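>>> Need coordinates for the below:
(one chain, ligands or ions: 1)
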Amino acid sequence: MEDAFLKLALGLLKASEDHERYRGEECINLIASEGLKSPAVAEMLDKSHDLESRYAEGENDLKGHAKARHYQGQKYMTKIEDYSTDLMKSLFDCNWADVRLVSGTHANLATFKGISLATKNNRMVVLPLSAGAHITHDYSGLAGRVLGLETINHAYNIDELNIAIEKSATIIEATRPGIVTFGGSVFQFPHPVKELAQIAKDNGAYVAYDAAHVLGLIAGGEFQSPLKEGADFITASTHKTFPGPQGGVILANCEDERTKKAIKKVQHAVFPLSASNTHLGRLPALGLAALEMKVYGKELAKQTIQNAQVAAKCLSENGVNVLGKKNGFTKSHQIVVDVREYGGGQKLAFSLEDANLILNKNLLPYDNQHNRGDPSGLRIGFQDVTRRGFKPKDVECICSLMLDVIKGKRTSAEVKKDVIKLRQDFNEIKYCFQSVGEAKEYLQKHV
Ligand SMILES: Cc1ncc(COP(=O)(O)O)c(C=O)c1O
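Reported below is the predicted structural model:
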């Protein structure tokens with residue numbers, strides 16, 4: 001075999017090992033869009049080798065269960081799909097779910113496509129990108145470039161870091177879109193679903209709430225309840241504040257002809273329009289993550305939000321401009337800071353990375369939407385460190401290390417040593433089962 005090929009394979013194995021040590025053991029992860037699986041969920045993934053090789057193409061019924069499957073050998077796979085669907089339905093108190101989505105992007109694709117087929121209307125009202133919309137919502141991403149939707153921005157109130165209710169109501173009434181979305185990637189405060197959902201519906205739209213970031217907080221009952229507030233669909237990733245395997249989910253209530261019509265179209269948009277292999281190996285782990293969130297979700301969500309609030313207060317008291325001060329900075333897992341006076345988001349994200357503090361630069365609502373390369377802000381998430389057991393005083397230690405870098409008090413290389421030391425004090429994952437065996441024991445005791 002050629003030497004060059006072997007060297008590539010060796011390089012790959014080494015890079016993989018290096019990555020696991022670097023990000024898994026030596027860094028403090030503050031990226032707001034990443035979750036942390038429990039040992040039990042990781043073990044469940046590991047125990048699903050055969051399933052990971054299988055296919056289960058086919059249609060689902062209006063309970064979200066497998067209806068027709070086009071391959072043989074499905075007798076347990078169908079049960080696995082149906083059980084994980086029902087666990088998600090039960091956790092989120094709704095009567096329909098689709099767990100076949102391989103990501104949050106896929107969930108948005110199928111939902112936006114399905115609704116636009118149901119309404120025959122290709123207009124969609126979304127958050128502006130600079131105010132936190134995900135690229136899948138935008139004309140420059142999935143919504144516009146792939147699905148051909150015409151996107152119209154919600155009005156946004158920069159002072160409140162939220163959708164401007166009255167102006168958005170006027171926009172919805174004037175443009176009569178087929179879809180009105182809520183939710184986003186920068187998401188500190190619950191969106192006004194209660195206030196705007198009925199107006200959207202009265203004007204012929206369906207309401208889609210993108211809970212990719214906040215699904216775990218919703219599961220824990222510590223954020224808004226979008227379906228109860230009037231959303232028709234929740235779309236989400238299953239691997240951010242919801243600490244499951246990487247994947248996606250769509251949730252809804254099938255309750256009348258209107259919702260039935262859209263759900264059928266969304267299912268059609270999943271299969272056959274956008275999925276063949278649905279990555280079945282993740283489904284047992286997804287169901288197990290749902291169980292963990294049922295048992296530990298409230299405590300985890302509460303602590304995550306408290307940790308984010310403590311960090312915001314600490315950074316703010318030390319002179320950093322944390323957005324949303326008048327409303328207590330945040331009611332979610334994330335905070336956003338304006339670091340223009342310290343060199344901007346791009347420069348600081350790299351300096352913090354050099355100190356093993358991993359987060360991302362972010363556009364702020366008043367930034368030029370096209371300046372994604374060097375925005376004013378940083379977005380900082382606390383779901384990972386919370387799951388590792390960080391409490392408010394530990395979060396203050398993280399802030400103090402961040403402040404050293406942001407204010408240039410010490411070099412990144414000096415701070416990095418302390419980051420590695422701090423990270424190594426938190427080697428257990430909390431609010432979860434430590435093994436599949438422990439989850440089974442719990443179930444046997446409580447069934
Ligand atoms: C609001 C929002 N929606 C959708 C997505 C896409 O999810 P995924 O990365 O699972 O495709 C993201 C990703 O971060 C997101 O922030």
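
>>> the longest helix in the chain is where?
helix 283-317 (DSSP state H).

>>> Can you spell out which helices and strands pack onto the helix or strand following that one?
Scanning forward in sequence from helix 283-317 by DSSP states H and E, the next helix or strand is strand 321-322. Using 3 or more Cβ pairs under 8 Å, 6 or more residues apart in numbering; DSSP states H and E as the contact test, the elements touching strand 321-322 are helix 283-317, strand 334-338. For the C-beta atoms, the positions are set from N, CA and C on the backbone; glycine is no exception.

>>> Return the most buried member of those.
strand 334-338 (a mean of 26; mean count of other Cβ atoms under 10 Å).

>>> relative to helix 283-317, how tilted is that one?
Orientation note: strand 334-338 sits at an angle of 40 degrees relative to helix 283-317 (axes from the mean of the first three to the mean of the last three Cα atoms, to 10 degrees).

>>> Quick one: distance of strand 334-338 to the chain centre.
17 Å (Cα atoms, centre = their mean, to the nearest Å).

>>> And stretch 325-338, by the same measure?
In terms of Cα atoms, centre = their mean, the centre of stretch 325-338 is found 17 Å from the chain centre.

>>> coming back round to it: okay if I get the helices and strands packed on strand 321-322 as JSON lines plus mean pLDDT?
Formatted as JSON lines, those follow (pLDDT from 0 to 100):
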{"stretch": "helix 283-317", "mean pLDDT": "98"}
{"stretch": "strand 334-338", "mean pLDDT": "98"}
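
>>> between these, which gets nearest to the ligand?
Proximity to the ligand, assessed across those by Cβ to the nearest ligand atom, is greatest for strand 334-338 (10.3 Å).

>>> And that closest one, what does it pack against?
helix 283-317, strand 321-322, strand 377-381.

>>> The ones you listed: which one's closest to E441?
helix 283-317 (12.4 Å; Cβ to Cβ).

>>> sorry, back to before: distance to A205 for the helices and strands packed on strand 334-338 - can I get that in a markdown table?
Listed next are those as a markdown table, based on distance: least, Cβ to Cβ, whole Å:
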| stretch | distance to A205 |
| --- | --- |
| helix 283-317 | 29 |
| strand 321-322 | 34 |
| strand 377-381 | 29 |
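
>>> Low-confidence stretches in the stretch 151-300 of the chain?
Residue ranges of the stretch 151-300 of the chain with pLDDT under 70: none are present.

>>> Let me see the contact set for V146.
The contact partners of V146, taken as Cβ atoms under 8 Å, 6 or more residues apart in numbering, are L109.

>>> Give me every residue in the protein lying close to the ligand.
Taking Cβ under 6 Å from any ligand atom as the contact definition, the chain meets the ligand at 33, 103-105, 108, 134, 136, 183-185, 210, 212-213, 237, 248.

>>> Now, these that are in helices?
Of these, the ones assigned to helices by DSSP H are 104-105, 108.

>>> Would you confirm that G35 contacts P243?
Yes - applying Cβ atoms under 8 Å, one finds G35 in contact with P243, separated by 4.3 Å.

>>> any shared contact partners between these two?
Residues touching both G35 and P243 (Cβ under 8 Å, 6+ apart): 216, 383.

>>> Tell me which of the two has more neighbours.
P243 (28 against 24; other Cβ atoms under 10 Å).

>>> Would you mind naming the residues that bridge with that one?
H239 (DSSP bridges).

>>> That one contacts L36, correct?
Yes - the criterion here is Cβ under 8 Å, and P243 meets it with L36 at 5.6 Å.

>>> which residues do these two both contact?
Common neighbours of P243 and L36 (Cβ under 8 Å, 6+ apart) are 383, 387.

>>> Near A211, how many other residues are there?
32.

>>> measure the spatially closest residue to it that is not a sequence neighbour to L251 for me?
With sequence-adjacent residues excluded and distances taken as Cβ to Cβ, 6 or more residues apart in numbering, A211 is closest to A236, at 4.3 Å. Using Cβ to Cβ, to the nearest Å, we find A236 at a distance of 8 Å from L251.

>>> I'd say G373 and Q346 touch.
Yes - counting by Cβ under 8 Å, Q346 is a contact partner of G373 at 6.6 Å.

>>> More neighbours: these two, which one.
Using other Cβ under 10 Å as the criterion, G373 and Q346 rank with Q346 on top: 17 against 8.

>>> so what's that one closest to, chain neighbours aside?
D374 is the one closest to Q346 (Cβ to Cβ, 6+ apart), at 4.2 Å.

>>> so what's the residue nearest to A211 up against?
Residues near A236 by Cβ under 8 Å, 6+ apart: 104, 107, 210-212, 215, 242, 248-251.
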